[in-house]
Every structure is written in structure tokens, then in C-alpha cells.
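Visitor: have a look at this prediction, sequence included:
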Amino acid sequence: MEHSEPTEQADGGSALNGHFDRTGKRPVPGGSGCASAAASAGAPQPPRAEPGAPRPVMESWREERTRSVEDNQTSLPSLAAAYTTILRGLGEDPQRQGLLKTPWRAATAMQFFTKGYQEKIIDVLNDAIFDEDHDEMVIVKDIDMFSMCEHHLVPIFGRVHIGYLPNKRVLGLSKLARIVEIYSRRLQVQERLTKQIAVAITEALKPTGVGVVIEATHMCMVMRGVQKMNSKTVTSTMLGVFREDPKTRDEFLALIRS
Ligand SMILES: [Zn+2]
């Protein structure tokens, strides 16, 4: 794994967020990242979120609403029409040969990129939780992750590392990757994705502890602004003994780096 120790880079930033005891993304020097996207000067400002009606950041995975395959079929024409509008807005001619089918292709692709809305975590966990007297750390690392930044609708991709310390219950190993898949195939920010994975495992297994680390590249960072080609964002969520016991946390971090 191409994981590196926290090192100073040319831009003066750190390759890691430097602390693993809470979810957090390191600040982006120069403000090229998502968080400061709305602050670019000169551009019309997007509508502000309505105060007084905050949506909870963490929706419980037990109460998820899903998008059905029928919903996809129903919404495809309007989604494609929206892409035609985008093409015109970009100064393109949607009638030229190469673009004739682009709105439909793009709409279908976007539905695929967000297919995590079609699935529920609880359906994945059904029949995959086993009683087991195993109490050693379980780690699955280098799970490929492809997501979409909810601020710019461009890809976020990287790797997810998950560890947990079972408490009489274990989860089928492939299901950890399925949890990553479902949450990542939605519009996301990396911090929330990290936490959602950790919380779902915690609620499903009631383990002694859970650690989730995500290393990811945000296309909205590398393609725009100062174009930091190799910048990676590292986020982590540590729960239970992973949060409270430095030895357990260090063991996890050493194992995902090995
Ligand atoms: Zn973004």
C-alpha cells in the first residue's frame, strides 16, 4: 500500500490528517478543496442552507429510503433532458453527432454511480452476522472505493481500510466491502462516508471497537484550483477501544500499513 507517514509536502501540508482519534480532513492549503468551493470570488453564490431545518448528518442505516429500479426508469428522461440543458449551457451543440446520445449515456452513468441509493445496509447484513467466540482484531484493507463528491458531482476514489474487535459476533468478510460499496455509491463527503461505515459496523455487530481509515483522491481538488495532482485526503473514524486505547489503535494502523 502506498501509505506514507505524515510528511511535509511541497505545499507545506501534511499527507495525513495527523490524528486518528476523530473524523477529520486536513485543511486544504490554498482553499482548493470542497469545503471552500462556494467561496470562490466573482461567481454567483449558491443558495444557502435554510437555518432551522438541519438534516441530521448521520441518518440511521435502519431507516434508509431507497431508490428503486422503477424510479430509475421513471426519472431517466428528465435526467437526460437536464444533461441536454447542461450541454447547451456549456456552449455545446447537443445535436452534433458525437453528443446525440450523450444525455442518455450520462444520465444512465450517473444513476450507476449513485446506485448505493438502491440498496439498504440492513439487507446486506441479513444472514451475514455470525456468533463466534473470536476476539482478535479483524482487518480488511485496501477496499477499492469510488464515490461522487456531493459538492461538485465529480469522482472521489481511493481505498478503505476497516478493522474491528469482535464481541461474540462477526460479519462475513465480503460484507465489509459491500457496506463500503453501498455508502460510497452515493453523493458523499469523505468524512461522512468514513463515519457511516464505522457506525453501521458498530450498530450491526456491537463490537468492542471499530476503526475505519479512508485515503482518497478528490477530482475536484486535483482538476481545479491549484491542481495538486498527488494530494490525498485521509480521514479516520475510531470507535470503542480503537478510540480509547492507543495500543489497539496503533496495532490497527500498523496492520493497515503493512
Ligand atoms: Zn468536491
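Guide: Thanks, I have the structure now.
Visitor: got the residues of the chain near the ion?
Guide: On the criterion C-beta under 5 Å from the ion, the ion has as its neighbours in the chain the residues 34, 149, 151, 152, 220. C-beta coordinates here come from the backbone N, C-alpha and C atoms, glycine included.
Visitor: what's the closest of those to residue 82?
Guide: residue 152 (16.2 Å; C-beta to C-beta).
Visitor: in three-state terms, label that closest one for me.
Guide: At residue 152 the chain is in coil, as set by DSSP: H, G, I helix; E, B strand; the rest coil.
Visitor: which non-adjacent residue is nearest it?
Guide: Counting by C-beta to C-beta, 6 or more residues apart in numbering, residue 220 is the residue found nearest to residue 152 once chain neighbours are left out, at 4.0 Å.
Visitor: which helices and strands does the helix or strand bottoming out on mean pLDDT in the chain pack with?
Guide: The least trusted helix or strand in the chain, going by mean pLDDT, DSSP states H and E, turns out to be helix 121-125, with a mean of 85. With contacts taken as 3 or more C-beta pairs under 8 Å, 6 or more residues apart in numbering; DSSP states H and E, helix 121-125 sits against helix 173-184, helix 190-205.
Visitor: residue 233 versus the residue nearest to residue 152, what's the distance?
Guide: Distance from residue 220 to residue 233, counting by C-beta to C-beta, to the nearest Å: 11 Å.
Visitor: between these two, which one's more packed in?
Guide: residue 233 (22 against 18; other C-beta atoms under 10 Å).
Visitor: that one bridge partners, please.
Guide: Applying DSSP bridges to residue 233 yields these beta-bridge partners: residue 216.
Visitor: show me the helices in the stretch 1-150 of the chain, by range?
Guide: Under the criterion DSSP state H, counting those that start in this stretch, helices of the stretch 1-150 of the chain are mapped to 69-89, 102-113, 121-125.
Visitor: any buried residues in stretch 205-224, and which?
Guide: Buried residues in stretch 205-224, counted by 16 or more other C-beta atoms under 10 Å: 205, 207-218, 220-222.
Visitor: what about that stretch, distance to the chain center?
Guide: 6 Å (C-alpha atoms, centre = their mean, to the nearest Å).
Visitor: just stretch 235-253 next, same as before
Guide: 20 Å.
Visitor: with only the CA atoms kept, save it in CSV.
Guide: Taking Å, rounded to 0.1, in the frame of the first residue of the first chain, the C-alpha atoms of stretch 235-253 are listed here in CSV:
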residue,chain,number,x,y,z
THR,A,235,-10.0,10.5,7.1
SER,A,236,-10.5,8.2,10.0
THR,A,237,-13.2,7.2,12.5
MET,A,238,-12.2,5.3,15.6
LEU,A,239,-14.9,4.0,17.9
GLY,A,240,-14.8,2.0,21.2
VAL,A,241,-11.4,0.6,22.2
PHE,A,242,-10.0,1.9,18.9
ARG,A,243,-10.7,5.4,20.2
GLU,A,244,-9.9,4.8,23.9
ASP,A,245,-6.9,2.5,23.8
PRO,A,246,-3.8,3.8,21.9
LYS,A,247,-2.3,0.3,21.8
THR,A,248,-5.3,-1.1,19.9
ARG,A,249,-5.4,1.9,17.6
ASP,A,250,-1.6,1.6,16.9
GLU,A,251,-2.0,-2.1,16.2
PHE,A,252,-4.7,-1.4,13.7
LEU,A,253,-2.7,1.4,12.0
